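Asks: Predicted model and sequence below, questions to follow.
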Amino acid sequence: MSYQVLARKWRPQRFDEVVGQQPVTRTLRNAIASGRIAHAFVFAGPRGCGKTTTARILAKALNCVAGPAAEPCGVCDACVEIAQGRDIDVLEIDAASHTGIDNIREVVIAGLAITPVRDRYKVFIIDEVHQLSPQSFNALLKSIEEPPPHVVFMMATTELHKIPDTILSRSQVFEFRTITPKAIAAQLRTIADAERIDASDAALALIARAADGSMRDAQSALDQVMAFAGERIGVDEVSAVLGLVGRDLLFELIEAVVAEDAASGFAVADRAVEAGHDLRLVVRELSRLVRDLMVVTVDPARAGEGDLAEGERERLQELGSRFSREDLMRAFDLLASAEQEIRAAWQPRYHFEMMLLRWMHLRKLVPLTELMEQLKSQTPTPKSQSGSMTRSAAAPTPAAPIAPTRTPPVAPTSASPVAPARTAPIAPSEGTLKDRFLAEVRAGKGFFYNTVVAQAQRIDVADDGITFTFLPTHRALREQFEQTRPWLESTAERVAGRRIAVLGEMRELGAAEEEGHRRVGERAAACADLVLVVGERARPLYEAAVAAGTAETRFFNAPADAVPILRDELKAGDYVLVKASRAVALETVVDALVAP
């Protein structure tokens, strides 16, 4: 006997064997049991979900010698012949090859008056019925509305919207759903065990996921892999035959992003290219994995649901704990854009590698609202799920004699605005009083150091005092400084071993600095799509950017006014925010918002 493919060999023969369509099969069984059998049915749904199979089972249930029965016996002549497609009273018509009205007249309409030869009902199963011509549908209207009592119509379609409403209104419509990957994998496991195939759960899950809700596609893919691998099937065999991307490779890519290890990410990308994977497919599967990470982040109880394989749950939960929801949403948008870029790229590999680098960089961003709240509360920024805040405030102007601000802040020792003074002074160490004082401020209040101290125009140290000089545009920083001044004085006293006053003052801009503002405004307008100018003292800068006329320019009195604009419109690295006498790109927009 010739070989029979799995999709035909394992075709359901009873309503209970139809996978994933319980609402449909239950309704049909109840209708048969109660004698409420309609004269026309429309089965609509995606490919491979059981439409034609259900029509055949319904035909067997109506014509079984023990019926009409909710469950056909499967052994009588009618059941056997209908299952094999050779019953003379059950006609299966392919609408794609019988589209014309002449075909419908000859095959359907002419045979309506002829009673069944043996069976109880004459059944017409019209597959892909949406491909019939409008004239054919019109010819069927009267026949479907009032057929002879021994005739039942069953129509299957993948495009319900193409069937005229006049046909749908005369029929009972059943919409089939796509089958979940979990249900497909369970059925594949049943088939593999029956066929004595040693297949791993991960391999079957990969096939089920690639089937996209179609049981027939999954069975055909399993048949193909079995021909290649024999009696042992693993993820590598499935990937090699079907060209699918294994989840292990995807996990390694995301782990490289989490570790910000560009070298490892490029190495995994090399493996994907050498394996012949379509990089668009890799990006698409990464999007699916990011969605899975979001699911376990939002609701950890759903880690065992959906299309997650058994071995992936713990790995997903561990990776999900290292991402914030904002990280995952930004990553999903990035991957969606990258897929479109790779589609039209001359060198897809280059775009894929740059996408990995951009993803690593996006994880360093801190939400603007979170930063503004930290500024208001003076609470040091904690290490977030997406990684520590590695980007500190932008460096001050060259005139400020303070330590570079790119040094990562040391973990804070106190969350209160004013920490209690220590009883013993700090022992003198190498370096000047200024260096030791700034180091102690950075260690005690890292966030305050990066957002306020680093923005000072000058820091002058004398024997009896330390003076911080701020620009007029830094009034908000000056207020924050005054609130923290008692703590600064106690810190200075501990460092120096004597009482030292800590003062703050404002300094007006000179003509040279105003001219610098104008130059920065012109440069910002030349390199950006959108320029946001914050602070009245930056008015010359705003006027210069407007005069340049190459970018949209907006002016705000305070950072809080600009935050909604940034949150709604800042979605790419092409925008520039201008504050005081410097311009910063998206990478450092957080730093630029901390002062007016």
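Replies: Arrived safely, thanks for sending.
Asks: can you pull out the helices in the stretch 201-350 of the chain?
Replies: Using DSSP state H, counting those that start in this stretch, the helices found in the stretch 201-350 of the chain span residues 201-210, 215-229, 235-242, 247-258, 262-274, 279-298, 313-320, 325-343, 348-362.
Asks: low-confidence ranges in the stretch 301-450 of the chain?
Replies: Along the stretch 301-450 of the chain, segments meeting pLDDT under 70 span 302-311, 366-370, 374, 376-431.
Asks: For it, just list every one of the strands.
Replies: Using DSSP state E, counting those that start in this stretch, the stretch 301-450 of the chain contains no strands.
Asks: Likewise for the stretch 51-200 of the chain?
Replies: Using DSSP E, counting those that start in this stretch, strands in the stretch 51-200 of the chain cover 90-94, 122-127, 151-157, 172-175, 198-199.
Asks: Next, T467: secondary structure please.
Replies: With DSSP: H, G, I helix; E, B strand; the rest coil as the basis, T467 sits in strand.
Asks: what's the burial count for it?
Replies: Number of residues near T467 (other C-beta atoms under 10 Å) recorded here: 15. The C-beta positions use only the backbone N, C-alpha and C, and glycine is treated the same way.
Asks: My guess is it contacts L503. True?
Replies: Yes - using C-beta atoms under 8 Å, T467 is in contact with L503, at 4.9 Å.
Asks: need the contact list for the closest residue to R120 other than its chain neighbours.
Replies: Counting by C-beta to C-beta, 6 or more residues apart in numbering, R120 lies nearest to N63, which is 5.1 Å off, once chain neighbours are set aside. Shown in contact with N63 (C-beta atoms under 8 Å, 6 or more residues apart in numbering): 78-79, 82, 87, 89-90, 119-121, 123.
Asks: picking up where we left off before, any chance of the helices of the stretch 201-350 of the chain in CSV, plus mean neighbour count and distance to V441?
Replies: Formatted as CSV, the helices of the stretch 201-350 of the chain follow (neighbours: other C-beta atoms under 10 Å; distance: least, C-beta to C-beta, whole Å):
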stretch, mean neighbour count, distance to V441
helix 201-210, 24, 53
helix 215-229, 20, 63
helix 235-242, 19, 54
helix 247-258, 20, 32
helix 262-274, 15, 34
helix 279-298, 20, 36
helix 313-320, 16, 37
helix 325-343, 18, 30
helix 348-362, 18, 29
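Asks: Kindly reformat the ones you listed as CSV containing distance to V546.
Replies: Below are the helices of the stretch 201-350 of the chain laid out as CSV (distance: least, C-beta to C-beta, whole Å):
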stretch, distance to V546
helix 201-210, 54
helix 215-229, 59
helix 235-242, 57
helix 247-258, 40
helix 262-274, 40
helix 279-298, 40
helix 313-320, 46
helix 325-343, 31
helix 348-362, 31
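Asks: These: which one's closest to R507?
Replies: helix 348-362 (35.5 Å; C-beta to C-beta).
Asks: which residues touch the closest one?
Replies: With C-beta under 8 Å, 6+ apart as the criterion, helix 348-362 contacts 253, 256-257, 260, 262, 265-266, 269, 273, 279-280, 282-283, 327, 330-331, 334-335, 338, 341-342, 345, 587.
Asks: what about F447, distance to H277?
Replies: For F447, the distance to H277 equals 44 Å [C-beta to C-beta, to the nearest Å].
Asks: Show me which of these two is the more surrounded one.
Replies: F447 (23 against 19).
Asks: Using the record's domain definitions, break the chain down for me.
Replies: If you go by automatic domain parsing, the domain ranges for the chain are 6-175, 181-242, 247-362, 391-506, 511-592.
Asks: Output those domains in TSV; the columns should cover distance to E373.
Replies: Formatted as TSV, the domains of the chain follow (distance: least, C-beta to C-beta, whole Å):
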stretch	distance to E373
domain 6-175	47
domain 181-242	40
domain 247-362	14
domain 391-506	11
domain 511-592	11
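Asks: returning to that earlier point: for the helices of the stretch 201-350 of the chain, which one sits closest to L28?
Replies: helix 215-229 (18.3 Å).
Asks: and that closest one, how far out from the chain's middle?
Replies: 29 Å (C-alpha atoms, centre = their mean, to the nearest Å).
Asks: so what's the nearest residue to R271 once chain neighbours are set aside up against?
Replies: Nearest residue to R271, sequence neighbours excluded (C-beta to C-beta, 6+ apart): L249, at 6.7 Å. L249 sits next to 268, 271-272, 282 when contact means C-beta under 8 Å, 6+ apart.
Asks: mind putting those in TSV, pLDDT and distance to R554 included?
Replies: Formatted as TSV, those follow (pLDDT from 0 to 100; distance: C-beta to C-beta, whole Å):
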residue	pLDDT	distance to R554
V268	90	42
R271	88	47
A272	87	43
V282	90	40
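Asks: How about the contacts made by the residue lying closest to H39 once chain neighbours are set aside?
Replies: Closest residue to H39 apart from its sequence neighbours, by C-beta to C-beta, 6+ apart: P147 at 5.2 Å. Counting by C-beta under 8 Å, 6+ apart, P147 makes contact with 39-40, 112, 153.
Asks: mind checking how far P147 is from L140?
Replies: According to C-beta to C-beta, P147 stands 10 Å off from L140.
Asks: what do you get for L530?
Replies: 60 Å.
Asks: show me where pLDDT drops low in the stretch 451-596 of the chain?
Replies: Ranges of the stretch 451-596 of the chain meeting pLDDT under 70: 508-518, 520-529, 535-539, 541, 549-550, 557-596.
Asks: Report the distance from the longest helix seen in the chain to the chain centre.
Replies: Longest helix in the chain by number of residues (criterion: DSSP state H): helix 475-496. Offset of helix 475-496 from its chain centre (C-alpha atoms, centre = their mean): 45 Å.
Asks: likewise stretch 228-241?
Replies: 29 Å.
Asks: In PDB, list the C-alpha atoms belonging to it.
Replies: Extracted in PDB, the C-alpha atoms of stretch 228-241 (Å, rounded to 0.1, in the frame of the first residue of the first chain):
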ATOM      1  CA  PHE A 228      15.000  14.100   7.000                       C
ATOM      2  CA  ALA A 229      15.800  13.100  10.500                       C
ATOM      3  CA  GLY A 230      14.300   9.600  10.800                       C
ATOM      4  CA  GLU A 231      13.300   8.400  14.200                       C
ATOM      5  CA  ARG A 232      15.000  11.200  16.300                       C
ATOM      6  CA  ILE A 233      13.900  14.800  15.900                       C
ATOM      7  CA  GLY A 234      15.500  17.800  17.700                       C
ATOM      8  CA  VAL A 235      15.500  21.500  17.300                       C
ATOM      9  CA  ASP A 236      18.500  21.500  15.000                       C
ATOM     10  CA  GLU A 237      16.800  19.100  12.600                       C
ATOM     11  CA  VAL A 238      13.600  21.200  12.500                       C
ATOM     12  CA  SER A 239      15.600  24.400  11.900                       C
ATOM     13  CA  ALA A 240      17.700  22.800   9.200                       C
ATOM     14  CA  VAL A 241      14.700  21.400   7.200                       C
END
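Asks: what's in contact with that stretch?
Replies: For stretch 228-241, using C-beta under 8 Å, 6+ apart, the contacting residues are 192, 196-200, 202-204, 206-207, 224-226, 244-248, 275.
Asks: 10 Å instead, please
Replies: For stretch 228-241, contacts defined as C-beta atoms under 10 Å, 6 or more residues apart in numbering pick out 188, 192, 195-207, 210, 221-222, 224-227, 242, 244-249, 275-277.
Asks: avg pLDDT for it?
Replies: Throughout stretch 228-241, pLDDT has a mean value of 85.
Asks: Once you drop chain neighbours, what's closest to A83?
Replies: Q13 (6.1 Å).
Asks: Can you get me a residue count around the one you found?
Replies: So Q13, with other C-beta under 10 Å, has 18 neighbours.
Asks: Now do the SS call for it.
Replies: Look at Q13: counting by three-state DSSP, its state is coil.
Asks: Next, find the distance separating it from M355.
Replies: Separation of Q13 from M355 (C-beta to C-beta): 48 Å.
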